[in-house]
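Trainee: My questions concern the predicted model and sequence given below.
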Amino acid sequence: VQLQAYGGGLVQAGGFLALSCTASGSISSINGMGWYRQAPGKQRELVAGVGSSGGTNYADPVKGRFTISRDYAKNTVTLQMNSLKAEDTAVYYCYADNKRTGWRYWGRGTQVTVSS
C-alpha cells in the first residue's frame, strides 16, 4: 500500500485547511485510515481516524474543529481542519492499517503551519 498526501501549508490562526490522502496498491487489505501529527520536540500523536465501517475517532484537542471523512470508492481520506490554532502546527502523517497483518502504512508527512 502506498499513501500519497495532499494539502497542508501556511494559514493564519482561525483559518482552515484540508488534507487528503489517497491509497494505492493492495487497497482491499486496508482497514482503518487516518492522520497523526508530530510537532517539533514532541511525539507523534493521533489526530483522527476512520474505520472500515465509517466509525470515527478524534483526539480531544481537535474535537469540534476537525472532521475526517473517507471516500471508499476513491480510496481517499480527508481531514478538514477548521478554527486552526498555533498549536496545530505540526507535520501531519496519513496512515492506513492492514486488516490482515495489523501493519501500519505511513505516507510522507505534510507540513501544516498556523501563524498566530
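Mentor: Nice, I can see it. Numbers count the residues shown, from 1 in each chain.
Trainee: For stretch 1-10, buried residues please.
Mentor: Of the residues in stretch 1-10, Val1, Leu3, Ala5, Gly7, Gly8 count as buried by neighbour count, 16 or more other CB atoms under 10 Å. (C-beta placed from N, C-alpha, C; glycine too.)
Trainee: Does the third one touch Gly107 like I think?
Mentor: Translated: Ala5. Yes - proximity of Ala5 to Gly107 meets the contact threshold set by CB atoms under 8 Å, at 4.5 Å.
Trainee: and for the two, which residues touch both?
Mentor: Any residue near both Ala5 and Gly107 by CB atoms under 8 Å, 6 or more residues apart in numbering counts here, and that gives Cys21, Tyr93, Cys94.
Trainee: Just the ones of these in strands?
Mentor: Among the shared contacts of Ala5 and Gly107, DSSP state E puts Cys21, Tyr93, Cys94 in strands.
Trainee: ok, what's across the strand from the second one?
Mentor: In other words, Tyr93. In this entry, Tyr93 is beta-bridged to Tyr36, by DSSP bridges.
Trainee: Could you verify my assumption that it touches Gly109?
Mentor: Yes - between Tyr93 and Gly109 there is a contact at 4.9 Å, judged by CB under 8 Å.
Trainee: buried sites along stretch 81-100?
Mentor: Quick answer for stretch 81-100 (16+ other CB under 10 Å): Met81, Leu84, Asp88, Thr89, Ala90, Val91, Tyr92, Tyr93, Cys94, Tyr95, Ala96, Asp97.
Trainee: if we can go back for a sec, common neighbours of Tyr93 and Gly109, please.
Mentor: Ala5, Gln38.
Trainee: Could you report the distance from the closest residue in space to Ala86 that isn't next to it in sequence to Gly15?
Mentor: Distance criterion CB to CB, 6 or more residues apart in numbering; nearest residue to Ala86, sequence neighbours excluded, is Ser116 at 4.2 Å. When distance is defined by CB to CB, to the nearest Å, Ser116 is 11 Å away from Gly15.
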